[in-house]
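Asker: Fold the following, please.
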Amino acid sequence: MQTDINVIKALHIIFVVSWFAGLFYIVRLFIYAQEAKDMEEPKKSILIEQFVVMQKKLWWIITTPAMVLSVVFGIWMLYLNPAFLKMPWMHLKLSFVVLLLAYHFYCQKIMFDIFKRTCKWKSNQLRLWNELATLFLVAIVFLVVLKNSLNWIYGTLGFFGVAIGLMIAIQLYKKARR
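Answerer: As a prediction, the model looks like this:
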């Protein structure tokens, strides 16, 4: 049975990595699509159409299937190890996963808004939005790796430290682009 759970765990990790790759890249495509709206024709139309094609393929062929399979293999691991559900770190991890799922579906809403040409997000706002996925990744990985050995005070401070660091880095990048 240990071999079975390791195979399930490996598949879970593979699909989590694929899911995050898709989430990181889809928001970059949103940024490029929003920036293309400020370009002159015919470049504007050509780029927006290409970004729409890229978004659809990325979302429906990679990101969403990876999300579904991440959840399936995660639930399978919990089924094989129900004791995890009694551990406080797992409750917190699952809370972050629920937030990540909400993030995923809100990205889908943004994508549909871009398709309809009704997206109101600015590229700088989308850059900040993209960093939220990074925060979820950091929080989930540290919870899983450190489990109960994690000092929650330092973990919480570290989480917000990463968030503040990302916001500062984005602002510096924004200034450098100007």
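Asker: what about Glu41, which SS state?
Answerer: Judged by DSSP: H, G, I helix; E, B strand; the rest coil, the three-state class of Glu41 is coil.
Asker: From Thr63, how far off is the spatially most central residue of the chain?
Answerer: Centroid check for the chain by Cα atoms, centre = their mean gives Ala133 as the closest residue, at 3.7 Å. According to Cβ to Cβ, to the nearest Å, Ala133 and Thr63 sit 11 Å apart. Just so you know, the C-beta spots here come from the backbone N, C-alpha and C atoms, and that holds for glycine as well.
Asker: Touching both of those two, which residues are there?
Answerer: Counting by Cβ atoms under 8 Å, 6 or more residues apart in numbering, the shared contacts of Ala133 and Thr63 are Leu23.
Asker: looking at this protein, which helix or strand is least sure?
Answerer: helix 152-177 (a mean of 78; mean pLDDT, DSSP states H and E).
Asker: From the chain's centroid, how far away is that one?
Answerer: The chain centroid and the centroid of helix 152-177 are separated by 17 Å under Cα atoms, centre = their mean, to the nearest Å.
Asker: cool, and stretch 51-63?
Answerer: Taking Cα atoms, centre = their mean, one finds the center of stretch 51-63 at 15 Å from the center of the full chain.
Asker: now for the helix with the most length in the chain, which elements pack on it?
Answerer: Using DSSP state H, we find that the single longest helix of the chain is helix 2-36. For helix 2-36, the elements it packs on are helix 43-57, helix 64-80, helix 88-115, helix 123-146, judged by 3 or more Cβ pairs under 8 Å, 6 or more residues apart in numbering; DSSP states H and E.
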